[in-house]
Structures are given as C-alpha cells and as structure tokens.
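>>> Structure for this input, please:
(one chain, ligands or ions: 1)
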Amino acid sequence: MAGSPYWNPKTETLPRERLEALQLVKLRRHCEWAAARSPWYRRRFAEEGFEPGQLRSLADLRRVPMLTREDWMASQDVRPPYGEVPTVGGEGAIRVHTTSGTTGRGPLRALDSRKDWAWIAEMWSYAVWGCGVRPTDTAYIAFGYGSFIGFWGLHYAMEKVGVLNVPGGAQPTDARVAQILDFGATVVASTPTYALRMAQEADARGLDLRASAVQRLILSGEPAGSIPQTKALIEEQWGARAFDTAGMTEIGTIMVFECEHQPGGTHIIEDNMIEEVIDPDSLEAVPYGERGERVVTSFGRGTIPLIRYRTGDVVCRVPASRCPCGRGFDIYEGGIQGRVDDMKIVRGTNVYPRAIEAIVREFRDVDEFQTVITHEGIRDEITLRVEMKPEWSVDGWDAFSADLHRRLAHSHEGLNFRIERAEAGELPRFELKAKRTADLREQPTAVVFP
Ligand SMILES: [Zn+2]
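Presented below is the predicted three-dimensional model:
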C-alpha cells in the first residue's frame, strides 16, 4: 500500500458492476441487522411491507422506507434519551456525540460502539491517504474535541495511518497558530472558515504561514471547502493545497473526500455507502449532472443503522471518470453545495449563500461578512455587511462598495443589495459551521446582531 495512491486499492478501483454487487450484499445484510435489532426499523419495515429478502438488485432500494431527522428526533422523545433508531442502549456503546442542536428541539444523540469507531476512522483514512498524507507527516487538528463529533474521526485516522498528531483542543486562535509553527505541522485540519481565521491571526502577528511547513489542509464542516473562490483564498493564504471532505453526525464520519487530483468535487466512498440523489418534492431519483437532495445509506455503523436517510444536503453527482485518479467512486461536483432549505427568496429572486460567498471571496480585503434579510415597510431588503482587513484604507470604500454592489446585482437578476461596512471585530467569527445568513423577516422585533 505504501506506494499506492489509494487507501484501499482493491475497492477504490472496482468497476461499477462489481462495486454495485458489493453494495447490494452489504445493503441486504445491513437491512437484516436493522430489522432484527432496531425497534424503529422493525416497525417501519413492517408498516411498509418491506423485508430485506426483497432486495434482489440495487433498484429494489426504492422499496425501503426513508428515515428523516424528524423521525429520529420524534423517536428520542418517545424513548429518551437515545430513541428507537439505535440497536443498543447506552450500555452497549462506548461514546455518545450530539448534533449542535440549532433547531430548537434539542440535539440528535448518536451512540457508537468500539467497532463503530474503528469504521469511523477507516472512512476518514480514505481521505487522509487519498489527499497524499503519509506517516512522515505531522498533523495539527484545530478542533475543540467536544460533544460535536467533527474531527474526532480524523484524529483516529491520522493515528491509523501513522501520522504524528497534535490535538489542537480548546485554545485561542493565536495559541493554535503558534503550535502549528512550533511543531512544524505539515497538515492542518479545520473548517474552511477557521482556516481563514487562523490566516488572519497569523497575519496580524506578522507570521508568514506561506513560509511554514504546512503543505496540506483538510477541510470539513462547511460547504465552502469546494467553493473555488474560497478554496483559492485559503490555498493562497497558507501556501498549501486544500482538500475538501464532508461528513455528518448521523453517520459519525465522512462520506466524501477530495483526492490529490482535486477534480472540483469529492469522491463518494461507495464501497461503504450508497448515495442517492433525489428530487426533494417528488422523491424520484435525478440523473447525473442534476442537482438534488442527498439520501444516504451507510453500512459501517452497527449501533445506528442509517438506511435511506434524507440529509437535506444539495448535491450534483457526476461519474467517477470525471477525475483521472482511477477511482471507481462517483463524484459530487462542487462538494456539498448547500442545504435544501438554504435558498432564500428575496423579491422573487433566488438567493443562495454559496453564490454570495463566491463573489465576496474575490475581494481579498474582506475579513468577514454577513448577509441580513429584513422586511421593511412593504418589501424585503437584503444587506451585505462586510468587515474589511484592519490595515485597509477607508478611502477606498466608495469604489469597493460600488464594485461589490454591481457584482452581486449582476449575479442576482439585478437584485439591489445594500452594502454596509461593519466595524473591525463586529461580525461573528466561527470555528464550526459558519452561519453568515440571518433571515430576520419572520421576527417582529428589532434587528439584533449576535
Ligand atoms: Zn480522484
């Protein structure tokens, strides 16, 4: 394996027919496991008249009922604290992690066994190895190591590959940047937003990351790792190559990664998952090259079988042949492109956070930004609040804001964005899951910024 570009040379290069045969065997086995052990699946399968024996080809996947986040939440309410989806209670697991719980209904609680953790690390290893990290590397993981599952799996994958690991832990950004330089880290893992935040901090302290030993960044936690403009900015500020990955608490690990060829998207780990792309309204499959909602079935987590889980993520699937690396794993073009419910409609125009970010990131003097949508009088207003780099000259504001205004209008059917300057340090900074869009139209109270 040492000389191979693949973590798992055998399965990563399987022709599609054999890959699908492997998926079918794993799918049937996993459905049998879920039906035997999980109260939720046993009941849902019975309600829908589905039995695992009906799975004779991958097309039969359509017969399997879908699971939603709401189903999982509701089952936690019925049988607290872990619900009816897991195959064991807390006594059969060694760790519990939670989602960040922004929905107001409390978080999902995800249990894992020791065997699950071995699989979680294995999935991350596809990404670590696939982007060129080797045992001679030193990795710095800029992550809080808390209840959120985040980079926990990456940490174990680094150990599995044999990489020297520096767990960044909970500490201020300047201390993390100092450690990256002190230890001579060659790989850094963080969210895209936090990679930019660390670069700002280094800049403010007169430290040159481009002259550091860092060669690779492994990004996760936000769609921005595959927004070309954001990625280019990160690569430029670090003088290193950036590789996108994406995972979710509901799986416990990643399901996609970007290989060393950086094909403008992420390979799906298809020997361990089945990813479907559907129209969120009709629930029918959409063809290659069309955007739709990800539905995931993952095979490795015995404690929480995730079968046909509706993720709410927007993706566009293209064939594996798009990338010259030789993997048989299909690709999500542009990675995870956003959330099905991300899109805002302002005065009849569709507004996507991703499209705004792509424009703003081309202006290199912007430190941070926020989009605020309000309802004033009889109509909606959209305001882009931008925070400039501290050393930036105020004299340039009129020209800058006019240019940004023009570019945003041009890509949004002429929609009029207000451009406002925020004070240095005024806008929220994020370590995990940046939220730069505030839709205040539902709220009757005055505009309050966090
Ligand atoms: Zn590739």
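
>>> what about Glu387, which SS state?
strand (DSSP: H, G, I helix; E, B strand; the rest coil).

>>> who's it bridged to?
Here Glu387 sits in beta bridges with Glu368, Ala422, as judged by DSSP bridges.

>>> again with Ile373
Ile382, Asp439.

>>> Count the residues that sit near it.
For Ile373, the count of nearby residues is 17 (other CB atoms under 10 Å). In this view, the C-beta of every residue, glycine as well, is placed from N, C-alpha and C.

>>> Name all residues that make contact with it.
Lys344, Val346, Val351, Asp380, Glu381, Ile382, Thr383, Thr437, Ala438, Asp439, Leu440, Arg441 (CB atoms under 8 Å, 6 or more residues apart in numbering).

>>> Tell me the one among the residues you listed nearest to Ile269.
Closest approach to Ile269 among those (CB to CB): Thr437, at 29.7 Å.

>>> Just list the residues touching the closest one, thanks.
Contacts of Thr437 (CB under 8 Å, 6+ apart): Asp342, Lys344, Pro353, Gln370, Thr371, Val372, Ile373.

>>> Whichever of the contacts of Ile373 end up buried, select them in ChimeraX.
Only the buried entries of these go into this ChimeraX selection, using 16 or more other CB atoms under 10 Å:
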select :344,346,351,380,381,382,437,438,439,440
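
>>> what's the closest non-adjacent residue to Val256?
With CB to CB, 6 or more residues apart in numbering as the measure, Thr266 is the residue that lies nearest to Val256, at 3.7 Å, once sequence neighbours are left out.

>>> partners of the helix or strand hosting the one you found, with directions?
If you go by DSSP states H and E, Thr266 is part of strand 265-268. Strand 265-268 sits in its sheet next to strand 253-257 (antiparallel), strand 331-333 (antiparallel), going by DSSP bridges.

>>> Deepest in the core, which of the ones you listed is it.
strand 253-257 (a mean of 28; mean count of other CB atoms under 10 Å).

>>> I'd like the average pLDDT over that strand.
Averaging pLDDT along strand 253-257 gives 98.

>>> Over to stretch 417-424?
Model confidence over stretch 417-424, given as mean pLDDT, is 94.

>>> hmm, who's touching it?
367-368, 370, 381-388, 390, 397, 401, 404-405, 408-409.

>>> Return only those of those residues found close to the ion.
Counting by CB under 5 Å from the ion, nothing from the contacts of stretch 417-424 sits close to the ion.

>>> Can you flag the buried ones in those residues?
Among the contacts of stretch 417-424, the ones that count as buried by 16+ other CB under 10 Å are 367-368, 370, 381-382, 384-388, 401, 404, 408.

>>> ok, so of those residues, who is nearest the ion?
Here the nearest of the buried ones among the contacts of stretch 417-424 to the ion, counting by CB to the ion, is Glu368; it sits at 32.4 Å.

>>> And the pLDDT at the closest one?
Here the pLDDT value assigned to Glu368 is 93.

>>> I figured it hits Met388, correct?
No - taking contacts as CB atoms under 8 Å, Glu368 lies outside contact range of Met388: 9.2 Å.

>>> Could you double-check that Tyr41 sits in contact with Pro305?
Yes - between Tyr41 and Pro305 there is a contact at 6.4 Å, judged by CB under 8 Å.

>>> Now for those two: what residues contact both?
Counting by CB under 8 Å, 6+ apart, the common neighbours of Tyr41 and Pro305 are Cys31, Ala34, Val85.

>>> for the record, mean pLDDT for the helix of greatest length in the chain?
Longest helix of the chain, by residue count under DSSP state H: helix 16-37. Mean pLDDT, helix 16-37: 98.

>>> Tell me the first helix or strand C-terminal of it.
Next in line after helix 16-37, if elements are assigned by DSSP H and E, sits helix 39-47.
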